[in-house]
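In: return atomic coordinates for the entry below.
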Amino acid sequence: MLIKVFGAAVQGIDATLITIEVNSSRGCMFYLVGLPDSAVKESHQRIISALQVNGYRIPTSNIVINMAPADIRKEGSAYDLPLAIGMLAAGEVIQSDKLNRYLMMGELSLDGSLQPIKGALPIAIKAWELGFEGVIVPRQNAREAAVVNKIKVYGVENIKEVIEFFNGEQELTPTIVDTREEFYAQQSNFDLDFADVKGQENVKRALEVASAGGHNILLIGAPGSGKSMLAKRFPSILPPLSLGESLETTKIHSVAGRLQENAGLISKRPFRDPHHTISTVAMTGGGSYPQPGEISLAHNGILFLDELPEFNRSVLEVLRQPLEDRKITISRVKSNVEYPASFMLVASMNPCPCGYYNHPTKACVCSPGQVQKYLNRISGPLLDRIDLQIEVVPVPFEKMSDARPGEASAVIRERVIHARRIQENRYADIPGIYCNAQMSSKLLSLYARPDEKGLTLLKTAMNRLNLSARAYDRILKVARTIADLENSELIQSSHLAEAIGYRNLDREDWAG
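Out: Predicted structure coming up:
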């Protein structure tokens, strides 16, 4: 008897339908074909044990299973459930009339219980696109898959529930999630707030500009000056995620297996802060079975690199292309996988090995050569891609002891949201452009052209600081954002002067 059941393979952040064909005939052999990996081949033993514990037996017949299409590699243990159901249906242990209406995935334990899987959300999206009535997944993944409201999502704990469901012996209750209500209810809850920060008004202003235009920013200052504290509060002033951005971000974390149990849509922008010992593959993604890296997990959010010069040079250099293209392509001999990587880079560093170069009270013990060598750990091309480079000066005692709270994140966020709305309207007809940081050279000439006074100021800065063409573009983008924050249609010389002031590392006197 020939039976077909349906599962899915996740490639990148999207799923592909996998048809599992099971043919039962006279004999006693078992064959599994269709490019399965070792974990899929080992499913036979898990299925036998799971069925025996629950009072069922695999039909004693010749079983041939084909996983189509055969040119896509099937990886992982999530195919246990559809394989088991297919074998039972081929042996007429369960009824097969409803099998073609459901897509199912799940890893079996030896006692028949189902373990959580990766990629439940893209699998549910694919099932809805293909017109399936519902999906059956482990209970831990039910809320994640139920984000797709237009399809029935059944979360089950044991294979026995699935068998009885197809035999009509019990009903399964679909998991229902009010996606919009949950999403909007959690968007503004932050544990850290800029109201707790004493002083540092110039740095908070720079972070506001970076947030308003989606710009990359580098904080450079002595130990204890507040670089990490400010960076960790940065998400509280970013504009909220849209539903589309949230869905795409959740898909990435679902594929990587980083969603918490019973999690739904991600409602806040991701904040990733990998340790400086991270490898290149962990940063960009890849591996034997390609997985998203930190730059993709930070998609639509922030990648925070603390102590930037301590990162391996090769790890930093691989960031250059994703910072420009906002995606990363993992190339292998048999396949290419593309992950989105539209993130804001927020980095911090000490100005020298001892940390006290340019400190107002403590003397630096490093020679000029040591300071320059330390700064040279970050390449010029990478620095060019960082729009704002701001010096963080230690807070004096008078401001530190001031009991009055600073400006709250919610107030700053309102200004940022207003500036982003201006940009959304400006680029409404241009696909792929949502903020000033993403402007091309053509768009710069249209929307960020300075007046004569501004051009003179820019020319002086370019000659004095010996800036590259990319740095020139970055200054114009930042100036455009500053103008948007002030609700100004034209870029004025004051906006350009402030943008040039955020290029601290370009100053000739910085490293002596």
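In: quick one: residues contacting the nearest residue to residue 204 once chain neighbours are set aside.
Out: Spatially, and ignoring its direct neighbours in sequence, residue 204 is nearest to residue 194 (6.2 Å; C-beta to C-beta, 6 or more residues apart in numbering). The way it works is simple: take the backbone N, C-alpha and C, and place the C-beta from them, glycine included. By C-beta atoms under 8 Å, 6 or more residues apart in numbering, the contact list for residue 194 reads 204, 233, 236-237, 406-409, 412.
In: got those residues as JSON lines, with pLDDT columns?
Out: Output for those, formatted as JSON lines (pLDDT from 0 to 100):
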{"residue": "204", "pLDDT": "93"}
{"residue": "233", "pLDDT": "94"}
{"residue": "236", "pLDDT": "94"}
{"residue": "237", "pLDDT": "95"}
{"residue": "406", "pLDDT": "80"}
{"residue": "407", "pLDDT": "89"}
{"residue": "408", "pLDDT": "91"}
{"residue": "409", "pLDDT": "92"}
{"residue": "412", "pLDDT": "95"}
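In: may I ask which of the residues you listed has the most neighbours?
Out: Neighbour tally across the contacts of residue 194 (other C-beta atoms under 10 Å): the maximum, 26 neighbours, falls on residue 237.
In: which among the contacts of residue 194 gets closest to residue 443?
Out: The nearest member of these to residue 443, counting by C-beta to C-beta, is residue 237 at 24.8 Å.
In: how near is that closest one to residue 285?
Out: 28 Å (C-beta to C-beta, to the nearest Å).
In: can you check residue 396 too?
Out: Distance from residue 396 to residue 285, by C-beta to C-beta: 44 Å.
In: more neighbours: those two, which one.
Out: Of the pair residue 396 and residue 285, residue 285 is the one with more neighbours under other C-beta under 10 Å, namely 26 against 12.
In: can you tell me the closest non-neighbouring residue to the more buried one?
Out: For residue 285, the spatially nearest residue (C-beta to C-beta, 6+ apart) is residue 293, at 3.4 Å.
In: for that neighbour, what are its contacts?
Out: If you count contacts by C-beta under 8 Å, 6+ apart, then residue 293 has 281-286, 328, 339 around it.
In: how about residue 190?
Out: 235-236, 268, 409.
In: now the residues you listed in CSV, with secondary structure?
Out: Formatted as CSV, the contacts of residue 190 follow (DSSP: H, G, I helix; E, B strand; the rest coil):
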residue, secondary structure
235, helix
236, helix
268, coil
409, helix
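In: of all those residues, which comes closest to residue 368?
Out: Relative to residue 368, and with distances defined as C-beta to C-beta, the nearest of the contacts of residue 190 is residue 235, at 37.2 Å.
In: residue 421: how many residues sit nearby?
Out: By other C-beta under 10 Å, 12 other residues sit near residue 421.
In: what packs against the strand or helix carrying it?
Out: Residue 421 is part of helix 409-426 when elements are defined by DSSP states H and E. Packing partners of helix 409-426 (3 or more C-beta pairs under 8 Å, 6 or more residues apart in numbering; DSSP states H and E): helix 201-213, helix 469-485.
In: go through these and name the closest to residue 141.
Out: Taking the helices and strands packed on helix 409-426 one by one with C-beta to C-beta, helix 201-213 is closest: 33.4 Å.
In: run the chain-centre distance for that closest one.
Out: Computed by C-alpha atoms, centre = their mean, to the nearest Å, the chain-centroid distance of helix 201-213 equals 22 Å.
In: contacts for it?
Out: 194, 197, 215-217, 219, 226, 230, 234, 237-239, 344, 346, 387-388, 390, 392, 406-407, 412, 415-416, 419-420, 423, 435-437, 477-478, 480-482, 484-485, 498, 502.
In: and the contacts of residue 190, which two are the farthest apart?
Out: 268 and 409 (12.6 Å).
In: buried set for stretch 34-51?
Out: For stretch 34-51, burial by neighbour count (16 or more other C-beta atoms under 10 Å) applies to 34, 36, 39-40, 43-44, 46-48, 50-51.
In: ditto for stretch 263-280
Out: Under 16+ other C-beta under 10 Å, the buried positions of stretch 263-280 are 263-272, 274.
In: ok, and for the host helix or strand of residue 21, which residues are buried?
Out: Assessed by DSSP H and E, residue 21 sits inside strand 14-25. For strand 14-25, burial by neighbour count (16+ other C-beta under 10 Å) applies to 14-15, 17-18, 20-24.
In: likewise stretch 187-203?
Out: Quick answer for stretch 187-203 (16+ other C-beta under 10 Å): 193-195, 197-200, 203.
In: now the helices for the stretch 1-150 of the chain?
Out: Taking DSSP state H, counting those that start in this stretch, the helices of the stretch 1-150 of the chain run over residues 38-41, 43-53, 80-90, 120-129, 142-145.
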